[in-house]
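In: 3D, please:
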Amino acid sequence: MECNFSNKFRNIFLFLYVALIATLLFLTPFSQTEANILYSQNITIESFIVQKIYKYFHTYWSMRLPFFILSLLSIAIYMRIIEVYFKKESIYYNLALLVYLLIPGVTLSFILVNYATVPIFLTLLILYANIRGNRLLLIITSVLLLFTHSAQFVVYLALAFYGYKKKEWWLFLLGIAFVLLASVVSTYDIDGVPKGHLTQIIGIYAAIFSPILFLVVVYSIYRWAIKGSFDLLWYIVATSFIVSILLSIRQAIKITDFAPFVVLAIPIVVTIYRDSLVIRLPEFRRFYYILCKTVLTVLLLETSLIFLHYPLYKYTHFKEILLDSSMYEIPKIVLELKNSGKVCKDEIDNHDLTLYHYYGIQRCK
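Out: Okay, here's the model as predicted:
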């Protein structure tokens, strides 16, 4: 009944996971999200990378390659970070790695050009720099995070809270300084009127994590606070989640602005799981083993849907599972238009405009 995995299983899984991600990197058509980044008017690290690469290499996979490399580096840094929480190659170390990689939102961020990959990488680097006591790396990474398309101010708030709690005043002042800088440089806007977007963002969080894991994450954030273990990771996760919930009362939240920071909660979740087990006799651990296996099963099923998205699109009626079906349908429409000698389309939805533009089709005047 125990929920544990051998080191051999972890290594095989990691190899297959990276191989599948690399395969989908080339096989998955260009998506609407990627087109929006390519033609974005906001100057961010993401748009800068994509636009510079597209200028010289006109292939969608070449634009994805830097994000794939950053994803591999993120996995390597994440593995170093979780060594602080669990003994290397212990069952909890393996579990923390497995759960993180199986989160649907994380898997998608590894495949497509998106606004989550760079903030995840830089935030992990900030955590690693703090663990190593490398102030220069922490400052440089914080500067780079400033130019990403995310609600990076929550990370700076977390740095300020953590610095104040630990009486590390240089870190507190650094966090406050970057919060002020983010208010000037950041592309994130705080506006709108209360319209009840709270249920929407909770639903999106549930989709990113899977519903059961999302509930476990929220519980773990609370339990970690009760224990008084206020490390930097907890501050980043808790601040991001709480701020996103508070803002959702007033305005529609772009989940990519906050999710890169909240998905890093897995070491906290696995630590709470471990602590819940060790204080109980073996005969009373059954519930936790079942919960663990249920979470992993759901995550594995949802991630499998991502890996099998093309067969699902082609051979089933489930055309809107996790990935936008427009990435398959629009190229077909474009091919039909070009075969008939047309370079424009009469009606193009504003949502699809940039993807049509990528394929060389404009809206007819």
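In: can we go C-alpha only for contacts and neighbour counts from here?
Out: Noted.
In: helices or strands next to the host helix or strand of Tyr235 in the packing?
Out: Tyr235 is part of helix 232-248 when elements are defined by DSSP states H and E. Using 3 or more CA pairs under 8 Å, 6 or more residues apart in numbering; DSSP states H and E, the elements in contact with helix 232-248 are helix 153-165, helix 198-209, helix 211-227, helix 259-262.
In: show the average pLDDT along it.
Out: Averaged over helix 232-248, pLDDT sits at 92.
In: so what touches that helix?
Out: Residues from elsewhere that reach helix 232-248 (CA atoms under 8 Å, 6 or more residues apart in numbering): 127, 154-155, 157-159, 161-162, 190, 196-198, 201, 221, 224, 253, 258, 261-265, 268.
In: using CSV, list the CA coordinates for that helix.
Out: Provided in CSV are the C-alpha atoms of helix 232-248 (Å, rounded to 0.1, in the frame of the first residue of the first chain):
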residue,chain,number,x,y,z
LEU,A,232,11.5,31.6,1.4
LEU,A,233,9.7,28.9,-0.7
TRP,A,234,6.7,29.1,1.6
TYR,A,235,6.6,32.9,1.4
ILE,A,236,6.8,32.8,-2.5
VAL,A,237,4.0,30.2,-2.8
ALA,A,238,1.7,31.7,-0.1
THR,A,239,2.2,35.3,-1.2
SER,A,240,1.5,34.4,-4.9
PHE,A,241,-1.6,32.3,-4.0
ILE,A,242,-3.1,34.8,-1.6
VAL,A,243,-2.5,37.8,-3.8
SER,A,244,-4.0,36.1,-6.8
ILE,A,245,-7.1,35.1,-4.8
LEU,A,246,-7.5,38.7,-3.5
LEU,A,247,-7.1,40.3,-6.9
SER,A,248,-9.5,37.8,-8.5
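In: buried residues, it. List them.
Out: Under the neighbour-count criterion of 16 or more other CA atoms under 10 Å, helix 232-248 has 232-241, 244-245, 247-248 buried.
In: if we can go back for a sec, can you redo the helices and strands packed on helix 232-248 as TSV with distance to Cys3 and mean pLDDT?
Out: Shown next, in TSV, are the helices and strands packed on helix 232-248 (distance: least, CA to CA, whole Å; pLDDT from 0 to 100):
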stretch	distance to Cys3	mean pLDDT
helix 153-165	33	94
helix 198-209	19	82
helix 211-227	15	91
helix 259-262	24	90
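In: pick the most deeply packed of those helices.
Out: Mean neighbours per residue, mean count of other CA atoms under 10 Å, is largest over these for helix 259-262, with a mean of 25.
In: shaky segments in the stretch 51-200 of the chain?
Out: 186-197 (pLDDT under 70).
In: can you rerun that using 50?
Out: Residues of the stretch 51-200 of the chain meeting the criterion pLDDT under 50: none.
In: now the helices for it?
Out: Under the criterion DSSP state H, counting those that start in this stretch, the stretch 51-200 of the chain contains helices at 60-82, 91-102, 104-111, 117-132, 135-145, 153-165, 169-185, 198-209.
In: so which of these is nearest Lys293?
Out: Proximity to Lys293 (CA to CA) singles out helix 91-102 among the helices of the stretch 51-200 of the chain, at 10.7 Å.
In: how far does the closest one sit from its chain's centre?
Out: Taking CA atoms, centre = their mean, to the nearest Å, one finds helix 91-102 lying 16 Å from the centre of the chain it belongs to.
In: now for that helix, which elements pack on it?
Out: Looks like helix 91-102 contacts helix 7-27, helix 60-82, helix 266-278, helix 286-307 (3+ CA pairs under 8 Å, 6+ apart).
In: repeat the analysis, applying 7 Å as the threshold.
Out: On a contact count with 3 or more CA pairs under 7 Å, 6 or more residues apart in numbering; DSSP states H and E, helix 91-102 meets helix 266-278, helix 286-307.
In: need those in JSON lines (columns: mean pLDDT, mean neighbour count and distance to Cys3).
Out: Formatted as JSON lines, these follow (pLDDT from 0 to 100; neighbours: other CA atoms under 10 Å; distance: least, CA to CA, whole Å):
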{"stretch": "helix 266-278", "mean pLDDT": "92", "mean neighbour count": "18", "distance to Cys3": "11"}
{"stretch": "helix 286-307", "mean pLDDT": "90", "mean neighbour count": "17", "distance to Cys3": "6"}
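In: in TSV, list those along with distance to Leu174.
Out: Shown next, in TSV, are the helices and strands packed on helix 91-102 (distance: least, CA to CA, whole Å):
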stretch	distance to Leu174
helix 266-278	25
helix 286-307	37
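In: which of the helices and strands packed on helix 232-248 sits closest to His351?
Out: Closest among the helices and strands packed on helix 232-248, using CA to CA: helix 198-209, at 19.2 Å.
In: show me what contacts the residue nearest the centre of the chain?
Out: By CA atoms, centre = their mean, the chain has its centre lying nearest to Pro260, at 4.0 Å. Applying CA atoms under 7 Å, 6 or more residues apart in numbering to Pro260 gives the contacts 116, 119-120.
In: returning to that earlier point: wait, which of the helices of the stretch 51-200 of the chain is closest to His309?
Out: Per CA to CA, nearest to His309 of the helices of the stretch 51-200 of the chain: helix 104-111, 11.3 Å.
In: so that closest one versus helix 117-132, what angle?
Out: 100 degrees (axes from the mean of the first three to the mean of the last three CA atoms, to 10 degrees).
In: in terms of secondary structure, what does helix 104-111 contact?
Out: Helix 104-111 packs on helix 7-27, helix 60-82, helix 198-209, going by 3+ CA pairs under 7 Å, 6+ apart.
In: now the ones you listed as CSV including distance to Ala182?
Out: Listed next are the helices and strands packed on helix 104-111 as CSV, based on distance: least, CA to CA, whole Å:
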stretch, distance to Ala182
helix 7-27, 32
helix 60-82, 23
helix 198-209, 23
